[in-house]
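Novice: task: produce atomic coordinates for the following.
(one chain, ligands or ions: 3)
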Amino acid sequence: MAADLICAVVGDNTLLINRRTNRIASMEGDNWYAEIQKLLRKQSIPPEWLKNALVRVGGLDKRNNSIRLHFKTQSRTRLVRATYDITQECNFHCRHCYLGRKEKDVLSLADKLRVIDVIDEAGCVFLQFTGGEVTTDKHFPAIYKYAYEKGFVTSVLSNGRRLGEPLFQKLFMKYPPERITVSLYGGSEESYRQMTMSKGSFTRVINSLKQSARNLIRVDVSLLVASFNIHELSVMKRLLKDNNLSYRLYDRLSPRLNGDPAPVALNVKRPKDRARTPDTEHAIGNIGQDGRFPCQAGSTFIHINHRGHACVCKVARQPSFSVLKEGARALAKILRISNKVLHLDASCLTCAAKMRCKVCPPSMQLYRKAGMATLLCSNPIACAGL
Ligand code: SF4
Ligand code: SF4
Ligand code: SF4
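Specialist: Ligands and ions are numbered 1, 2, ... in the order given. Modelled structure (predicted):
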């Protein structure tokens, strides 16, 4: 049985993370990891300060002072987070899908477990499973359990259609994820049919959300708003409120990874319509003196695609290196090239608005491939040349 309590080094801190309650105690300094390991080896009853920290995260059985603590693999890299597309296959055929034409699964279960081993050895603590749709992958339950037992703090992205099935409910009750984020594409069967090209999905998704709530599985919702479902926005919000589900609203679809601009046409039209960078929440601080965009992609987090290739992030898919062929070297290569991938190009470097701008180089490249650079950039003069 996998321990719920994890001890891990994240950045310069040592964390105690309770995966069942999502509670975290943070200790300044990475030396506490070795210190706690030493203490627990030497004495079965932890000292008072450690007891207090464990009580704070709900990781100590006070009746007999017993602790089940898993020490997450440490490494010399700064990597703490990985996202992994375990498959590109999906049971929806969304008009807005950023993947476009999806490839059939090419990796065996053993290959996928090897990917998990490599990101574990690289020191990642947080692992997000994504796709495609993870629940369509026959390997998913085994891979998820394997990752949990390795001590990862897991999270999952899903379209929710199969989430309510007993197989997945039991899996997530036994091995609780930090969170499952379900995309909600409409407030009726009709809008779901229009968006996902699949029948009966709205009811299935809503039932999955309700079933997960009943089983205390932590779920939140990405509420996608586009031209075909904007009239149902209040219905969707009410439905989520009635079921005590938190959500984030997304109203900007991006071009597909291959540069196909089609999804952008589904965006809600507004006066002075502008696109936003697809994923700006990772951008922190200002552009560095060296012209690097302030995002930790490729430094503290990486992405692995369905072929087991590591890349900087979900948008910056190239260059990529095979984890199966190169093991840890593939990740080390990403760490080395990330500065180059996130370096502003010539037009941005000379732009007066660059310190305020949140458009990252990978997003700009994607919009440029789609012939839509001016939609993303807030500086029309600079963008004339993009
Ligand atoms: S559910 Fe996600 S992966 Fe599947 S088709 Fe829709 S957008 Fe693509
Ligand atoms: S580089 Fe851009 S797209 Fe990639 S994670 Fe950072 S902000 Fe997001
Ligand atoms: S406003 Fe446009 S040109 Fe200026 S930094 Fe941003 S994306 Fe680059």
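Novice: got a pLDDT number for residue 68?
Specialist: With respect to pLDDT, residue 68 scores 82.
Novice: and the residue lying closest to it once chain neighbours are set aside, how far is that from ligand 2?
Specialist: Spatial nearest neighbour of residue 68, chain neighbours left out: residue 3 (4.2 Å); criterion: C-beta to C-beta, 6 or more residues apart in numbering. (Glycine included, C-beta is placed from N, CA and C.) Counting by C-beta to the nearest ligand atom, to the nearest Å, the separation of residue 3 from ligand 2 is 31 Å.
Novice: so residue 3 makes contact with residue 71?
Specialist: No: in this structure, residue 3 is not within contact of residue 71 by C-beta atoms under 8 Å, at 9.5 Å.
Novice: tell me which element the residue of the stretch 151-300 of the chain found nearest ligand 3 is part of?
Specialist: Proximity of the stretch 151-300 of the chain to ligand 3 (C-beta to the nearest ligand atom) peaks at residue 287, 8.1 Å away. Residue 287 belongs to no helix or strand when assigned by DSSP states H and E.
Novice: please report the distance of it from residue 338.
Specialist: 15 Å (C-beta to C-beta, to the nearest Å).
Novice: what of residue 220?
Specialist: For residue 220 relative to residue 338 (C-beta to C-beta), the value is 29 Å.
Novice: these two: which is more packed in?
Specialist: residue 338 (22 against 15; other C-beta atoms under 10 Å).
Novice: quick one, phi/psi of the nearest residue to the more buried one once chain neighbours are set aside?
Specialist: Closest residue to residue 338 apart from its sequence neighbours, by C-beta to C-beta, 6+ apart: residue 298 at 2.5 Å. Dihedral angles of residue 298 (phi, psi; degrees, to the nearest 10) stand at phi 80, psi 0.
Novice: wait, residue 298 touches residue 316, no?
Specialist: Yes: between residue 298 and residue 316 there is a contact under C-beta under 8 Å: 7.4 Å.
Novice: who touches both of these two?
Specialist: Both residue 298 and residue 316 are contacted by 341-342, under the criterion C-beta atoms under 8 Å, 6 or more residues apart in numbering.
Novice: please identify which helix or strand holds residue 248.
Specialist: For residue 248, the element it lies in under DSSP H and E is strand 247-250.
Novice: just residue 207 next, same as before
Specialist: helix 201-214.
Novice: now do that helix, average pLDDT.
Specialist: 96.
Novice: for that helix, packing partners?
Specialist: helix 166-174, strand 179-184, helix 189-196, strand 219-224 (3 or more C-beta pairs under 8 Å, 6 or more residues apart in numbering; DSSP states H and E).
Novice: go with 10 Å
Specialist: Applying 3 or more C-beta pairs under 10 Å, 6 or more residues apart in numbering; DSSP states H and E, one finds that helix 201-214 contacts strand 153-158, helix 166-174, strand 179-184, helix 189-196, strand 219-224, helix 233-242.
Novice: how about it, does it reach ligand 1?
Specialist: No: with C-beta under 6 Å from any ligand atom as the criterion, ligand 1 is not reached by helix 201-214; the gap is at least 9.5 Å.
Novice: next, the angle from that helix to strand 153-158.
Specialist: 160 degrees (axes from the mean of the first three to the mean of the last three C-alpha atoms, to 10 degrees).
Novice: so which bits of helix 201-214 are buried?
Specialist: 201-202, 204-206, 208-209, 211-212 (16 or more other C-beta atoms under 10 Å).
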